[in-house]
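In: Show me how the following folds:
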Amino acid sequence: MAGGGGGRSLEVTPTWAVAVVCFVLVAVSIVIEHIIHLIGQWLKRKHKRALYEALEKIKSELMLLGFISLLLTVGQGPISDICISKSVGATWHPCSKSKENETSSYDEEEEDHRRRLLAAGESFRRVLAAAGTDKCAAKA
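Out: The predicted structure follows:
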């Protein structure tokens, strides 16, 4: 989704391709909803009230997750424009500086045995979209 690869924009994508993708997504959603409904009916027939209530909870959580996903997709642009200063960002670590220093010295000892995700010389800031630019650096 966030890849800035060589894909086409939506404006130049054929209408039939967009329609097919939307149809597949809607069809899969309908099939899943029907399967959940059938499971719910079976649980009611077998008098498995607790399991039926758990299934209803799962359905409500899936709907909430879908709604949150929709909100994040719609608000992706404004959310990505939010900039936080480096001084504020440096204070929001889950561990104290002494703990981070202890872990980094431990990582240096164990470097031969495993792959490290963040190297000491690299910046901790990452741009997720490869084709994107650093908007916060442009504002500063």
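In: mind listing the helices for this protein?
Out: Secondary structure of the chain (DSSP state H): helices at 15-45, 49-74, 76-80, 86-89, 97-109, 135-139.
In: Now tabulate those helices in TSV and tack on mean neighbour count, distance to residue 8 and mean pLDDT.
Out: All C-beta atoms are positioned from the backbone trio N, CA, C, and that covers glycine. Below are those laid out as TSV (neighbours: other CB atoms under 10 Å; distance: least, CB to CB, whole Å; pLDDT from 0 to 100):
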stretch	mean neighbour count	distance to residue 8	mean pLDDT
helix 15-45	11	9	93
helix 49-74	11	19	93
helix 76-80	10	19	85
helix 86-89	9	35	77
helix 97-109	11	42	61
helix 135-139	11	24	70
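In: Adding distance to residue 9, write those helices out as CSV.
Out: What follows is the helices of the chain, written out as CSV (distance: least, CB to CB, whole Å):
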stretch, distance to residue 9
helix 15-45, 12
helix 49-74, 16
helix 76-80, 15
helix 86-89, 32
helix 97-109, 41
helix 135-139, 20
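In: Relative to residue 30, how far out is the closest residue to residue 51 other than its chain neighbours?
Out: The shortest distance from residue 51 to any non-neighbouring residue, by CB to CB, 6 or more residues apart in numbering, is to residue 43 (5.0 Å). Distance of residue 43 to residue 30, given as CB to CB, to the nearest Å: 20 Å.
In: Then residue 48?
Out: For residue 48, the distance to residue 30 (CB to CB) stands at 25 Å.
In: cool, residue 56 as well?
Out: Per CB to CB, residue 56 is found 19 Å from residue 30.
In: again, but for residue 94
Out: The spacing between residue 94 and residue 30, counted by CB to CB, is 42 Å.
In: what's the answer for residue 80, then?
Out: As defined by CB to CB, residue 80 lies at a distance of 32 Å from residue 30.
In: Residue 82 too?
Out: Residue 82 sits 36 Å away from residue 30, going by CB to CB.
In: can you check residue 12 too?
Out: 30 Å.
In: What is the end-to-end distance of stretch 42-54?
Out: Stretch 42-54 has its terminal residues 14 Å apart, counting by CA to CA, to the nearest Å.
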